[in-house]
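Visitor: compute the structure for the input listed below.
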Amino acid sequence: MKRQEVECCENFQIHEELLKIVNEKLPPEEELYDLAELFKVFGDSTRIRILFVLFEAEVCVCDLAQALNMTQSAISHQLKILKQSKLVAGRREGKSVFYSLADEHVRTIIAQGREHVVE
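Guide: Residues are numbered from 1 along each chain as shown. The predicted structure is shown next:
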């Protein structure tokens, strides 16, 4: 793989008016941190696969394990991370817990990511 160099300015010059606009629009550091953490959650293909199953139906851990050919323990571990990130929600019905997308934002984020990848 060929390493690409990033082009730099030939003369060092600060553009104060641009930096002022940027600094006014830049979200607080805590918000940027939370956003980066959210995107880390999408950095695991198992979690992405789980989300794709949940795009189609509300399912329990047993269904997810069967659909993805994984153990229930492995699925539960990933669901915990997805729940903590508010990407999935659980609903108890008798002795079963059914999981679904927390909201339509999740579908939108994945759809835009797929669009970017296939460009």
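
Visitor: how close does L101 get to V59?
Guide: Distance, L101 to V59, by Cβ to Cβ, to the nearest Å: 11 Å. Quick note: C-beta positions are derived from backbone N, CA and C, even for glycine.

Visitor: show me what contacts the residue nearest the centre of the chain?
Guide: For the chain, F42 is the residue whose C-alpha lies nearest the centre (Cα atoms, centre = their mean; 3.3 Å). F42 makes contact with I48, I109, I110, G113 under the criterion Cβ atoms under 8 Å, 6 or more residues apart in numbering.

Visitor: please point out which parts of stretch 60-72 sit buried.
Guide: Using 16 or more other Cβ atoms under 10 Å as the test for burial, stretch 60-72 gives C60, V61, D63, L64, A65, A67, L68, M70.

Visitor: reformat the residues you listed as a markdown table; add pLDDT and secondary structure.
Guide: Formatted as a markdown table, the buried residues of stretch 60-72 follow (pLDDT from 0 to 100; DSSP: H, G, I helix; E, B strand; the rest coil):
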| residue | pLDDT | secondary structure |
| --- | --- | --- |
| C60 | 95 | strand |
| V61 | 95 | helix |
| D63 | 96 | helix |
| L64 | 96 | helix |
| A65 | 96 | helix |
| A67 | 96 | helix |
| L68 | 97 | helix |
| M70 | 97 | coil |
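
Visitor: and the furthest pair within these?
Guide: Spatially, the most separated pair among these is C60 and M70, at 13.7 Å (Cβ to Cβ).

Visitor: what about the biggest helix by length in the chain, distance to the chain center?
Guide: The longest helix of the chain (DSSP state H) is helix 104-118. Here helix 104-118 is found 9 Å from its chain centre; the criterion is Cα atoms, centre = their mean, to the nearest Å.

Visitor: got TSV for the buried residues of stretch 60-72, with distance to V97 too?
Guide: Formatted as TSV, the buried residues of stretch 60-72 follow (distance: Cβ to Cβ, whole Å):
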residue	distance to V97
C60	6
V61	7
D63	11
L64	11
A65	13
A67	16
L68	17
M70	17
